[in-house]
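Engineer: Sequence and predicted structure are below.
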Amino acid sequence: MTAETLALPRKKRELRSHHFDSTIWNHFNFRADDIIIATYGKSGTTWMQQIISQLIFNGVPDVDVSNMSPWLDLRIPEAHIKLDALESQTHRRFVKTHLPVDALVFSEKAKYIYIGRDGRDVVWSLYNHHANGNELFYKLINETPGRVGPKLEKPTPDIAQYFRDWMDKDGYPFWPFWEHIRSWWSIRHLPNVMLVHFAQLKENMPREIEKIANFLEIDIDENKWNDILKHCSFDYMKKNGAKTVPLGGAAWDGGSETFINKGTNGRWKDILTKEDNERYEQMAVEQLGEQVARWLATGQ
């Protein structure tokens, strides 16, 4: 059974905010081998971009991922700049999105990889991203023409309170979390969709990269395998982040090493209270059901 014989998701709405402008998808011309990397955010997006770049370019070091693989629905830079740049690319294209399924254009031509991660780990990484944003970060997000809705403000210094606010207001101050997970989980049966989990990548990266290569129909060159693994390690990415992260890390204090951060899970365990964790876990089951909540927490 192919994607063409199944009901494909259709775009039902536009999302605009201090970060989003989903209208760009209305003008994106898909090619037959495009790759779309999708996450809620801070779930391993940059890591997956690096993995895919290494598979496409066969282990070549210092691939300029940040320029060739844009966050398409980010409203910066202007849509035509990103679209023109992508149109001029001759290699296999790979872009990222942080939209739920019903806010982008879904194509049977493309391959979609969705990465999940426990929401608590997402927030800890998100807080690092948000709290270390510098003057350039806030200027780009808040002052670039076209922003819809309120400005993005600097976060509270209390990360536990940041987490509680994120839960109470469903993804505040960014975008809703639970509907995002539900939307991508609901299309996991499509043959051009693959679900990956951050914890599984951490546990056994070689195994997961092999699965990704198989899904993308990319033959791995055994002579380059060790190079691919080396270039996909967090140590390598932190040291070479200027070509991996957006703007080379210029919008964050500490640069690219701050953006990539630790790549670890469970940093919330010594900070959140028992009540915080129980509330999160109960909410996950209520919002997603037991099966999806278990997958989101563990990848199982």
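Structural biologist: Perfect, I can see it now. These numbers were taken from a predicted model, which means no experiment stands behind them.
Engineer: for stretch 216-227, the distance to its chain's centre please.
Structural biologist: 23 Å (Cα atoms, centre = their mean, to the nearest Å).
Engineer: Can I get that stretch as PDB, trimmed to CA atoms?
Structural biologist: Extracted in PDB, the C-alpha atoms of stretch 216-227 (Å, rounded to 0.1, in the frame of the first residue of the first chain):
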ATOM      1  CA  LEU A 216      15.100   7.100   3.100                       C
ATOM      2  CA  GLU A 217      16.400   4.500   0.700                       C
ATOM      3  CA  ILE A 218      20.000   5.600   1.100                       C
ATOM      4  CA  ASP A 219      22.700   3.000   0.800                       C
ATOM      5  CA  ILE A 220      25.300   3.400   3.500                       C
ATOM      6  CA  ASP A 221      28.900   3.300   2.300                       C
ATOM      7  CA  GLU A 222      30.700   0.900   4.800                       C
ATOM      8  CA  ASN A 223      34.000   2.700   4.100                       C
ATOM      9  CA  LYS A 224      32.400   6.000   5.400                       C
ATOM     10  CA  TRP A 225      30.400   4.500   8.300                       C
ATOM     11  CA  ASN A 226      32.800   5.500  11.000                       C
ATOM     12  CA  ASP A 227      33.000   9.000   9.600                       C
END
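Engineer: Could you tell me which residues within that stretch count as buried?
Structural biologist: Going by neighbour count (16 or more other Cβ atoms under 10 Å), the buried part of stretch 216-227 is Leu216, Ile218, Ile220, Lys224. All C-beta atoms are positioned from the backbone trio N, CA, C, and that covers glycine.
Engineer: for stretch 24-42, same thing?
Structural biologist: Buried residues in stretch 24-42, counted by 16+ other Cβ under 10 Å: 24-25, 28, 33-42.
Engineer: Please, where are all the helices along the stretch 1-150 of the chain?
Structural biologist: 45-56, 65-68, 79-88, 119-131, 135-143 (DSSP state H, counting those that start in this stretch).
Engineer: deepest of those helices, which one?
Structural biologist: helix 45-56 (a mean of 24; mean count of other Cβ atoms under 10 Å).
Engineer: Now the phi/psi pair for Glu210, please.
Structural biologist: phi -60, psi -40 (degrees, to the nearest 10).
Engineer: who's in contact with it?
Structural biologist: Ile220 (Cβ atoms under 8 Å, 6 or more residues apart in numbering).
Engineer: How about Asp118?
Structural biologist: When contacts are counted by Cβ under 8 Å, 6+ apart, Asp118 touches Phe198, Ala199, Asn265, Leu296, Ala297, Thr298.
Engineer: what's the answer for Val101, then?
Structural biologist: Applying Cβ under 8 Å, 6+ apart, the residues near Val101 are Pro9, Ser183, Trp184, Ser186, Ile187.
Engineer: now, among the buried residues of stretch 24-42, which is nearest to His91?
Structural biologist: Closest approach to His91 among the buried residues of stretch 24-42 (Cβ to Cβ): Asp33, at 9.8 Å.
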